[in-house]
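Peer 1: Have a look; sequence and predicted model below, questions after that.
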Amino acid sequence: MNDYLSEDQKKFLLGLARQAIETKLRTDKILKAEVEDKTLLNKRGAFVTLKVDGELRGCIGYPLPYKPLAEAVMEMAVAAATQDYRFQPLSEEDLASLKIEISVLTLPRRIKDIREIEVGKHGIIISKGFNKGLLLPQVPLEYNWDLETYMRHGCMKAGLDEYEWKKKVEIEVFEAQVFSEE
């Protein structure tokens, strides 16, 4: 994977994500930030994952490079905090125990055989018709899944039968540079 971010760039993006969430929760306004670093102005796919007291509380992102990275991170941080339908929106009280994780993605590429997937290295996108589900590469490691379990969960995330991957689905893989607040 090329285009690795430096430690300073990662810290900057994590700070930007936190600032965007705090601004939204405290003032209901959207943060406007000046970004000088040209690398952070490149369009990249990115996901922001939020945990409060170690529990998942939001994860939203752009799988494709629709926006400049810094902008995508700010927007997805706020969306993960306030718009992930699986969770209650974060409150100001949650900020003290909030941990932010950012995943910066490579472009997805289609694969023909699931043996091309390296669990822990590749994120997956499973598609069939209008159904589509994405799992980040760190997810199977967090839950100690093998490849088949990873595929089943990818199908369920797409709203498909868990064994649909054995039939006819489109499978794409991508990689991610994943970093979080300590």
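Peer 2: Okay, I see it.
Peer 1: What ranges does the chain have for its strands?
Peer 2: 45-52, 55-62, 98-105, 109-111, 123-128, 131-135, 170-174, 176-180 (DSSP state E).
Peer 1: What is the fifth one packed up against?
Peer 2: In other words, strand 123-128. strand 131-135, helix 147-157, strand 170-174 (3 or more CB pairs under 8 Å, 6 or more residues apart in numbering; DSSP states H and E). Backbone N, C-alpha and C define where each C-beta goes, glycine included.
Peer 1: Now render the strands of the chain as a markdown table, adding mean pLDDT, mean neighbour count and distance to residue 8.
Peer 2: Converted to a markdown table, the strands of the chain look like this (pLDDT from 0 to 100; neighbours: other CB atoms under 10 Å; distance: least, CB to CB, whole Å):
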| stretch | mean pLDDT | mean neighbour count | distance to residue 8 |
| --- | --- | --- | --- |
| strand 45-52 | 97 | 23 | 17 |
| strand 55-62 | 95 | 19 | 22 |
| strand 98-105 | 97 | 22 | 14 |
| strand 109-111 | 97 | 13 | 29 |
| strand 123-128 | 97 | 23 | 25 |
| strand 131-135 | 96 | 18 | 28 |
| strand 170-174 | 97 | 18 | 24 |
| strand 176-180 | 96 | 17 | 12 |
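Peer 1: Put together JSON lines for those, with distance to residue 158 on each row.
Peer 2: Output for the strands of the chain, formatted as JSON lines (distance: least, CB to CB, whole Å):
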{"stretch": "strand 45-52", "distance to residue 158": "16"}
{"stretch": "strand 55-62", "distance to residue 158": "16"}
{"stretch": "strand 98-105", "distance to residue 158": "18"}
{"stretch": "strand 109-111", "distance to residue 158": "15"}
{"stretch": "strand 123-128", "distance to residue 158": "5"}
{"stretch": "strand 131-135", "distance to residue 158": "3"}
{"stretch": "strand 170-174", "distance to residue 158": "10"}
{"stretch": "strand 176-180", "distance to residue 158": "19"}
